[in-house]
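Asker: got a predicted structure here, sequence first:
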Amino acid sequence: MFAALTNHLWQSTIFALAAALLTLAFRKNRAQVRYALWVAASLKFLIPFAFLIALGTNLWQLLPARNAAPEIAGPAISQTIVQIAQPVSDRFSFAPVTHAANWPLIALAAAWACGFFAIAVMRLRACLRIRAALRSSTPIDIPVAVEVRSAPGLLEPGVVGIFRPTLLLPEGILESLTPPQLEAVLAHELAHIRRRDNFTAALHMLIEAVFWFHPLVWWIGARLIAERERACDEAVLSLDNQPRDYAEAILNVCKLYVESPLACAAGVTGSDLKKRIHTILTGCAADQISLAKKLALATAGTAALCVPIIIGLMSAPMKAQSQAEPISFAVTSVKENASGVQGGGLDTEQDRLTGTNITLRTYIRAAYHLQNFQLSGGPSWTESDRYDIIGKADHAVGDSELMLMLQALLADRFKLTLRREAKETSGYALLVAKNGPKLHEMQGTGKGWIRNGVGSISGQEVSMSDFAKDLSGRLGSPVVDLTGVTGVFDLKLQWMPDMSEPRNPGENKEMPSTDVPTDSSGPSIFTALQEQLGLRLEAQKVQTETFVIDHVERPSEN
């Protein structure tokens, strides 16, 4: 996260420097153009290039599908042991995790928070001052397009409000300025309103509060005010106001009144007053921009927006290709198990996967995180022949990486290829029951698990989507989470199972278990869901993703 923030700040800095160079190129032309460049440089801090690149990557996903290997998302919950057709044991082997406080990062976060709240307090005090002036003001009759009010005090004329602007004039200004001077001041404030300068200034004030530690942000703020006022000067002079009357009006306001305390309450003063007066009196404030520079500006703006999106479009196929490259075990062993025993298991450790007496179909379901109803096709021996598989990585990896390595092993040793299909089938929707859910929410630590027994499901830090996936396996039909419940929970569900059906769909037999409920009058899984968890299952047609075995061979020799 810190690296991403640093990268964003560097990109914003480069963008702001580019805006500064473009401003120099337009230094003898209209201030409105320079103002727009600084606004873009300011907004760059809110819209990182990474967002535009991600947009390009997502656009790639909308293009016509390409012949690529199926991408299967890994499970959200780390399932350390997947046991097939035998009682659930307690052989969990989580990788050791140590948590050490990152004190430098905590100190930086504390320093940022102090700066943010200090600026927020200062801005709040200024807002309260302007609000007090507005409350004590009275309406006056001046024929302009917005409401005009007169306020006591020495606050300069200014526009107050972002979405419903009000022109606030100090008491006595009608006597302090001549009619031509007052007309020029009103034209200046109306120019602020037409361009919604208060809204732009408010956005940059937010950026200053968030990125207060970046000196470039404050420099951009100063440039925004300078070009904003010069743009208003151009607008006033374009209305045939006399430069001398306008300059005298600005000087009189500066002598008699104090400057607005907030940039989002745009006034008359601001920027380098000496330069502004010189520009107004020399008549250079409204030079026109040439066609060539308009084209150059349009090209630069289009490039700033489109280049990151194009980068995202170009990087998407390369990223997909790199993700499709399989990662493999360093050492593998595949042997057929001819013991005749039905029970088997699949265990994962930090750097090792061990499968004992499991059918190939079960290995495929585990590797691709599929339920039995999601896998079809293939010869009959994939459901009858059993294999012992050992895969050892050259370093510690997580369960999701081990499953990717198992995918590569199946493709290499069994020549397995799959085809993805989507079809509508009968299934269930997981919904909240009438009286609401009965769930114990947990603080997620990344150590969630689900344990399946005969007539029971228990787990910690389980999300509703993962619970729906687990129910899919128990019911042999797809279950879609439509609860709308977020977070992770401790779960314990017990019901009276139908002993005529295997506990794990796809296996023909089941070894004796000690966790079989003895009370034959217990509830069904549908009743238990409502009574124990406040959830319910509703039968409906659902769209599910399935995989077909296109090709498979018996394994090669070790």
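Answerer: Perfect, thanks for sending it.
Asker: so which helix or strand takes in L471?
Answerer: L471 is part of helix 464-475, with elements assigned from DSSP states H and E.
Asker: hey, which helix or strand in this structure has the poorest pLDDT?
Answerer: strand 81-84 (a mean of 35; mean pLDDT, DSSP states H and E).
Asker: what residues sit buried inside the very next helix or strand once past that strand?
Answerer: Later in the chain than strand 81-84, the nearest helix or strand by DSSP H and E is helix 103-135. Buried residues in helix 103-135, counted by 16 or more other Cβ atoms under 10 Å: F116, R123, A126, R129, I130, A133. Every C-beta, even on glycine, is put in place using the N, C-alpha and C of the backbone.
Asker: how about the contacts made by L281?
Answerer: If a contact means Cβ atoms under 8 Å, 6 or more residues apart in numbering, then L281 has P243, R244, A247 as its contacts.
Asker: wait, the first one sits on I280?
Answerer: Yes - the pair P243 and I280 qualifies as a contact (Cβ atoms under 8 Å) at a distance of 5.0 Å.
Asker: tell me which stretches of the stretch 301-450 of the chain form strands.
Answerer: For the stretch 301-450 of the chain, strands defined by DSSP state E, counting those that start in this stretch occupy the ranges 331-336, 344-348, 352-359, 375-377, 386-392, 417-432, 440-442, 449-453.
Asker: of these, give the one that comes closest to L256.
Answerer: Among these, strand 440-442 comes nearest to L256, with 61.9 Å by Cβ to Cβ.
Asker: G427: neighbour count?
Answerer: Close neighbours of G427, defined as other Cβ atoms under 10 Å, add up to 20.
Asker: quick one: residues contacting it.
Answerer: S472, S477, P478, V479, V480, A539, Q540, K541, V542, T544.
Asker: which parts of stretch 246-265 are buried?
Answerer: By 16+ other Cβ under 10 Å, the buried positions in stretch 246-265 come out as 246-250, 252-253, 257, 260-265.
Asker: farthest-separated two in those residues?
Answerer: Greatest spacing in the buried residues of stretch 246-265, by Cβ to Cβ: E248 and C264 (27.3 Å).
Asker: one step back: just the closest of the buried residues of stretch 246-265 to Q342, please.
Answerer: Q342 lies nearest to C264 out of these, by Cβ to Cβ, at 74.3 Å.
Asker: could you check the pLDDT of the closest one?
Answerer: If you check C264, the pLDDT there is 74.
Asker: pretty sure it is touching N198, no?
Answerer: Yes - here C264 reaches N198: they are 4.7 Å apart, a contact under Cβ under 8 Å.
Asker: low-confidence regions, the stretch 51-200 of the chain specifically.
Answerer: Applying pLDDT under 70 to the stretch 51-200 of the chain flags residues 51-102.
Asker: try 90 this time
Answerer: 51-109, 112, 123, 126-189, 191-200 (pLDDT under 90).
Asker: hey, what's R536 bridged with?
Answerer: Legend: beta-bridge partners of R536 under DSSP bridges are L431.
Asker: S456 too?
Answerer: The bridge-partner assignment for S456, based on DSSP bridges, gives G453, Q494.
Asker: that one is in contact with M496, isn't it?
Answerer: No - taking contacts as Cβ under 8 Å, S456 lies outside contact range of M496: 10.5 Å.
Asker: domain ranges for the chain?
Answerer: Listed domain ranges for the chain are 1-62+290-325, 106-212+225-280, 327-551 (source: automatic domain parsing).
Asker: so which of the ones you listed gets nearest W219?
Answerer: domain 1-62+290-325 (8.0 Å).
Asker: neighbours of the spatially closest residue to A133 that is not a sequence neighbour, how many?
Answerer: Nearest non-adjacent residue to A133, counting by Cβ to Cβ, 6 or more residues apart in numbering: A151, 4.4 Å away. For A151, the neighbour count with other Cβ under 10 Å is 21.
Asker: quick one: contacts for A151?
Answerer: Taking Cβ under 8 Å, 6+ apart, one finds A133, L134, S136, S137, L168, L169, P170, E171 in contact with A151.
Asker: same question for F467.
Answerer: Here F467 is in contact with L430, I450, I457, G459, D481, L491 (criterion: Cβ under 8 Å, 6+ apart).
Asker: in a markdown table: the buried residues of helix 103-135, plus distance to E441.
Answerer: Shown next, in a markdown table, are these (distance: Cβ to Cβ, whole Å):
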| residue | distance to E441 |
| --- | --- |
| F116 | 30 |
| R123 | 37 |
| A126 | 42 |
| R129 | 45 |
| I130 | 44 |
| A133 | 48 |
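Asker: just name the closest of the residues you listed to H204, please.
Answerer: Checking the buried residues of helix 103-135 one by one against H204 (Cβ to Cβ), the nearest turns out to be R123, at 11.8 Å.
Asker: can you tell me the element the residue nearest to the closest one when sequence neighbours are not counted falls in?
Answerer: With Cβ to Cβ, 6+ apart as the criterion, R123 has its nearest non-adjacent residue at 6.4 Å, and that residue is M205. Element membership for M205 (DSSP H and E) is helix 197-210.
Asker: nearest spatial neighbour of I173, skipping sequence neighbours?
Answerer: P157 (6.5 Å).
Asker: residues near the one you found, how many?
Answerer: 25.
Asker: got a list of what it touches?
Answerer: Applying Cβ under 8 Å, 6+ apart, we find P157 in contact with L167, L168, L169, P170, I173, V185, E189, V253, Y257, G267, V268.
Asker: just the buried residues of the contacts of G427.
Answerer: With burial judged by 16+ other Cβ under 10 Å, the buried subset of the contacts of G427 is S472, S477, P478, V479, V480, V542, T544.
Asker: thought G378 was touching F547?
Answerer: No - using Cβ under 8 Å, G378 is not in contact with F547; the gap is 10.3 Å.
Asker: and I140, backbone torsions?
Answerer: With angles defined as degrees, to the nearest 10, I140 sits at phi -130, psi 150.
Asker: oh sorry, the question was meant for V146
Answerer: Per degrees, to the nearest 10, the backbone of V146 is at phi -120, psi 170.
Asker: does it touch L167 like I think?
Answerer: Yes - counting by Cβ under 8 Å, L167 is a contact partner of V146 at 5.4 Å.
Asker: if you count surrounding residues, which of those two has more?
Answerer: Neighbours were counted for V146 and for L167 using other Cβ under 10 Å; L167 has more, 23 against 14.
Asker: now the more buried one: which helix or strand?
Answerer: Taking DSSP H and E as the criterion, L167 maps to strand 166-170.
Asker: if we can go back for a sec, now for V146 and L167: what residues contact both?
Answerer: Counting by Cβ under 8 Å, 6+ apart, the residues touching both V146 and L167 are L190, I193.
Asker: looks to me like G153 is in a strand.
Answerer: No - read with DSSP: H, G, I helix; E, B strand; the rest coil, G153 is coil and lies in no strand.
Asker: next one: it from L169, what distance?
Answerer: Distance, G153 to L169, by Cβ to Cβ, to the nearest Å: 11 Å.
Asker: okay, these two: which has more neighbours?
Answerer: Under the criterion of other Cβ under 10 Å, the comparison of G153 against L169 puts L169 first, with 24 against 14.
Asker: what's the neighbour count on S380?
Answerer: By other Cβ under 10 Å, the residues close to S380 number 7.
Asker: give me the secondary structure label for the residue nearest to S376 when sequence neighbours are not counted.
Answerer: Excluding the flanking residues, the one nearest S376 by Cβ to Cβ, 6+ apart is V548, at 5.4 Å. Three-state assignment for V548 (three-state DSSP): strand.
Asker: surely V548 is in contact with T417?
Answerer: No - at 9.7 Å, V548 does not count as touching T417 under the criterion of Cβ under 8 Å.
Asker: alright, that wraps it up for me.
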